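Engineer: just coords:
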């Protein structure tokens, strides 16, 4: 074996930007990581207040765009659990988004027969009360869809979930006595807090248009909080038996099963967790827009979510957030722009063509970088950090001792040489 | 699943997935560094991380916590009772009956296409026998799910290596230890006490197992970047991590050079000495004869011999099967 | 599927979904006739899915867009022949109409077939060279689907002076006016029905003979069964793959013309999506990879869908199709006739 050692060391390591960032991050002590993380999140939270001219959108309100990004980021994180971590291709993810949004809508819209706001729910708190319900209902729908279909082969699963997404939309469209059909549900509740003279319906009301602290900004902040919470949960899962089971299933389902992984159970969990996060995002959407219609939940949106995940790098939680940002932000960036760097452009047309560009991006990406723009190797051990830190220390210590050590370490006996 | 087709022997490093296009064997254009970017192979020693693991006795203790399984050496652990496997018109196994006894190394040999791997798959629940049954530790394996069978105590390696290639060596083994863990989603989300204890245990045992099979140095490397021999060893470590009573090795020496084979023989003996029962499928007769306590020979799906290596290698039927002597000469 | 049951429990009481068994009984035969025409179209498109899946194990998600391009192809051909979408009804006589239809069909076939082969070349071949996993193929197919749709949506109008493509459906060219020819069990059979079913039958027979009785077809079946051995035996895998895409595309182009006879206002950039999913369902229904299964599955889906429509109402038609797909996959994942073109399940 000692002879083989030399053959595996990769030739001159080529470090991209992502690798450098990761290297730097991994080298930071835990406290420093916390500081950097908090400062980073705060800086991002300040975006809609500062509205840096380079980033600010022209055609639509920047705060609104960021709020939409927040929802898409949640969707991307949720879909990433299903597609990126567990390797289950879900093409109907928009269905869960719709179920979350419609649950809130059905419970709090005056045009819904199940409106509870005149009844036992105070209108001011109805949205908040409906939020956990929406998540629960979506989780159950994930369970209902997953139980019969997760035994199917991967590509069949893709088509069945696609059918599911379409069925949810058709149900919303067809059950018009309940869902309002194509007219949708209006006046959906939102949290009524911090009312003032300038903001009679509170800061979350769509009527709050006082830039920069308009409703979009506040919804963005709310979703930012939820994103952090969801990231912690998903991160904890990733660094546990569950996350390892997902990756094992993704890599080789049969081998995973034979190694004692209850694959069906964990696939179902992935589906359920992904669905809940999608439902959460849908509930946010319903509250922010205060209005749901079936056309919002076209299956093509599923493809957009998938685009965010694939673009960002399947399996990389932070990467897919960046993917979501690209998917939401880029079209809005061009919207209403007539020139860029002095070159006259038709920004609206470019924004309109977004599916064309995303389609091309997907195709090109799959050929040259199928792992996405920001591929990350997932960390799958709760206490793995210790191992890596010690491995690094050992490495640097040994590197200092000179070239001769390489030979010494090739002995098979662990404690023999030293 | 594992068809002994075009990729039976001599699969070299990297092409072992040829016959399995469905596998997520991503062909990454660039090789990413394992975590942290520091290349640990030559420099990483477990003694620097877990100093206590430098002591071999400690390692052995962690690897085989179930010392008492040696108590009943000689009792049948797994019984093949008239197992027949048919695929369409093809009878791959024909009423095969034999026992694996506790504490022994049993060799299962036979020429190409004799049904060794089918036999193996029937034991580990990949296939369900058409007729007959497999009894493990007193329990018939009739309808038990594959992952449950692993938890009952049968672990295996694969003829064509099937590691989780995106994971590090350590993580691969930890997946094996997870077979004995019970943390599910709630425990992981809230980082319950049991979860933390299990994670500690997983790390310690996985590290010890890597040391045990001799790939401790590569703990933080991605499995796909390991040299071929280490991948084979890693598979053994991953299987051992499930705390099996019976360890099944499917051609573990395929593609090894003689020196490596000797080391492998040592490892297999070491595993047996730690209290495991081992089933070994192997082509290399020298390895089989050198390491096994007993040998079962299959030919055309039928058992043609069962006995001590010395006796079996002198058995005319076996010699005929391997050398292709006409039937009338041996009967 | 389960959502329907869930909602159904609540909703049936409100009378939102009516079970109109009477309507199904009264119109049974006319529904069957109409279902067979839709089914023929699904069947032709399903062949494209099934052949590609059989040979490559790939769901060619963009096949629905190939079909959509076919609709535009036959439309453009008719325009080149001098027909205008003026809303006028053309009276050309039976023979001349058939000739024009045939020419339009060839136009659709050329566009679809070309597009399918082009798609294979540009999108899939580079991936095959790199040995990409199935997920990568599927995502590429989705990307290609976006690109083709948006091409027709935005780019085609500017290339053709706003005569083709764009946001709205094309004005129909009324070459054939539906007229009842005869009745079967009280069901009226129109000239359109006859043209659709007859053309589909001829094409299905032709493709079945081609795959099962010619040298090229043997190559396809060989590659589907065992690509490695087939290659060793001198079959060019690349050529077979191209051929399957070509056949699938050509049939989709033919189906496109038939579909526009049935649904004259269906020529729109987004018009392929749902039909594509249904055709795929048909392929799965019959057993994906199985040529005859695709034909049978198509007919079955078309008919079932219309029965469902009569039973629950027009708006539930697509739901019926998807629920059927899910049910089939749950209870018979290998379809009605099994996956015979390809190898057994791994």
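Structural biologist: Nice, I can see it. Please read all numbers here as calculations on a predicted model, not as lab measurements.
Engineer: Find the nearest non-adjacent residue to residue B:146, please.
Structural biologist: residue B:125 (4.3 Å; Cβ to Cβ, 6 or more residues apart in numbering or on different chains). Quick note: C-beta positions are derived from backbone N, CA and C, even for glycine.
Engineer: That neighbour: neighbouring residues, count only.
Structural biologist: Per other Cβ atoms under 10 Å in any protein chain shown, the neighbour tally for residue B:125 reads 24.
Engineer: ok, it touching residue B:140?
Structural biologist: No. Using Cβ atoms under 8 Å, residue B:125 makes no contact with residue B:140, being 11.7 Å away.
Engineer: can you list the residues of the stretch 201-350 of chain A near chain C?
Structural biologist: Contact residues, the stretch 201-350 of chain A versus chain C (Cβ under 8 Å from any Cβ of the partner chain): A:299, A:303, A:306, A:310, A:349.
Engineer: So which of those is surrounded by the most neighbours?
Structural biologist: Most surrounded of those: other Cβ under 10 Å gives residue A:310, at 30 neighbours.
Engineer: hang on, isn't that one packed against residue A:365?
Structural biologist: Yes. The pair residue A:310 / residue A:365 is scored as a contact, 6.8 Å apart, by Cβ under 8 Å.
Engineer: shared neighbours of these two, anything?
Structural biologist: Counting by Cβ atoms under 8 Å, 6 or more residues apart in numbering or on different chains, the shared contacts of residue A:310 and residue A:365 are residue A:372.
Engineer: picking up where we left off before, next step: the residues of the stretch 201-350 of chain A next to chain C restricted to strands.
Structural biologist: If you go by DSSP state E, these have nothing in strands.
Engineer: ok, so of these, who is nearest residue C:249?
Structural biologist: residue A:303 (22.4 Å; Cβ to Cβ).
Engineer: give the contact list for the nearest residue to that closest one once chain neighbours are set aside.
Structural biologist: Nearest non-adjacent residue to residue A:303, counting by Cβ to Cβ, 6+ apart: residue C:142, 5.5 Å away. Applying Cβ under 8 Å, 6+ apart, we find residue C:142 in contact with A:91, A:303, A:306, A:359, A:362, C:61-62.
Engineer: Over to residue B:269?
Structural biologist: Counting by Cβ under 8 Å, 6+ apart, residue B:269 has contacts B:105, B:291.
Engineer: The same query, at a cut-off of 10 Å, please.
Structural biologist: B:105, B:278, B:290-291 (Cβ atoms under 10 Å, 6 or more residues apart in numbering or on different chains).
Engineer: Residue A:44 too?
Structural biologist: Contacts of residue A:44 by Cβ under 10 Å, 6+ apart are A:66, A:220, A:224, A:227, A:321, A:325.
Engineer: Kindly report the same for residue C:301.
Structural biologist: C:35, C:38-39, C:42-43, C:46, C:278-279, C:281-286, C:320-321, C:324-325, C:328.
Engineer: three-state assignment of it?
Structural biologist: helix (DSSP: H, G, I helix; E, B strand; the rest coil).
Engineer: and the residue lying closest to it once chain neighbours are set aside, how many residues sit next to it?
Structural biologist: Distances taken as Cβ to Cβ, 6+ apart place residue C:282 nearest to residue C:301, at 4.5 Å, with adjacent residues excluded. Using other Cβ under 10 Å, residue C:282 has 35 neighbouring residues.
Engineer: separation between residue C:282 and residue B:195?
Structural biologist: 47 Å (Cβ to Cβ, to the nearest Å).
Engineer: if we can go back for a sec, wait, the residue nearest to residue C:301 touches residue C:290, no?
Structural biologist: No. When contacts are counted by Cβ atoms under 10 Å, residue C:282 is not listed as touching residue C:290 (11.4 Å).
Engineer: quick one on the thing from earlier: among the contacts of residue C:301, which are in strands?
Structural biologist: Per DSSP E, the subset of the contacts of residue C:301 in strands is empty.
Engineer: Among those residues, the buried ones, what's the ChimeraX command?
Structural biologist: A single ChimeraX command selects the buried members of those (16 or more other Cβ atoms under 10 Å in any protein chain shown):
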select /C:35,38,39,42,43,46,278,279,281,282,283,284,285,286,320,321,324,325,328
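Engineer: so where's the stretch 251-400 of chain A shaky on pLDDT?
Structural biologist: Residues of the stretch 251-400 of chain A meeting the criterion pLDDT under 70: A:392-400.
Engineer: Could you rerun that using 80?
Structural biologist: A:339, A:342, A:376-377, A:384-400 (pLDDT under 80).
Engineer: can you count the residues close to the residue of the stretch 151-300 of chain B found nearest chain A?
Structural biologist: Residue nearest to chain A within the stretch 151-300 of chain B: residue B:179 (2.8 Å; Cβ to the nearest Cβ). Burial of residue B:179 is recorded as 23 neighbouring residues (other Cβ under 10 Å).
Engineer: got the contact list for it?
Structural biologist: Contacts of residue B:179 (Cβ under 10 Å, 6+ apart): A:241, A:258-262, B:147, B:150-151, B:153, B:155, B:238-239, B:241-244.
Engineer: Next up, identify which helix or strand residue C:141 is on.
Structural biologist: helix C:134-150 (DSSP states H and E).
Engineer: Toward the C-terminus, what is the element adjacent to that helix?
Structural biologist: In N-to-C order, the element after helix C:134-150 by DSSP H and E is helix C:156-159.
Engineer: Flag every buried residue along that next one.
Structural biologist: Those would be C:156-157, for helix C:156-159 by 16+ other Cβ under 10 Å.
Engineer: what's the offset of it from the middle of its chain?
Structural biologist: 25 Å (Cα atoms, centre = their mean, to the nearest Å).
Engineer: Tell me the spatial nearest neighbour of residue A:159, not counting adjacent residues.
Structural biologist: The nearest residue in space to residue A:159 (Cβ to Cβ, 6+ apart) is residue C:280, at 6.0 Å.
Engineer: list residues touching both of residue B:125 and residue B:140?
Structural biologist: By Cβ under 10 Å, 6+ apart, the residues touching both residue B:125 and residue B:140 are residue B:134.
Engineer: can you pull out the strands in the chain?
Structural biologist: You didn't say which chain, so I picked chain A. Counting by DSSP E, the strands of chain A are A:185-186, A:291-292, A:339-340, A:343-344.
Engineer: oops, chain C please
Structural biologist: C:180-184, C:187-190.
Engineer: helix/strand/coil for the nearest residue to residue A:251 once chain neighbours are set aside?
Structural biologist: Leaving out its chain neighbours, the residue that sits closest to residue A:251 by Cβ to Cβ, 6+ apart is residue B:164, at 4.3 Å. Of the three states, residue B:164 takes coil under three-state DSSP.
Engineer: sorry, back to before: intersection of neighbour lists for residue C:282 and residue C:290?
Structural biologist: Common neighbours of residue C:282 and residue C:290 (Cβ under 10 Å, 6+ apart) are C:50, C:296-297, C:335.
Engineer: of those residues, buried ones?
Structural biologist: C:50, C:296-297, C:335.
Engineer: Output those residues in TSV, with pLDDT and distance to chain B appended to each entry.
Structural biologist: As requested, these are exported to TSV (pLDDT from 0 to 100; distance: Cβ to the nearest Cβ, whole Å):
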residue	pLDDT	distance to chain B
C:50	91	19
C:296	91	24
C:297	91	24
C:335	77	19
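Engineer: And the furthest pair within those?
Structural biologist: C:50 and C:296, at 11.1 Å, using Cβ to Cβ across these.
Engineer: if I've got this straight, residue B:82 is in a strand?
Structural biologist: Yes. Counting by three-state DSSP, one finds residue B:82 located in a strand.
Engineer: is it true that it touches residue B:122?
Structural biologist: No. Distance between residue B:82 and residue B:122: 11.6 Å, which falls outside the contact criterion (Cβ under 10 Å).
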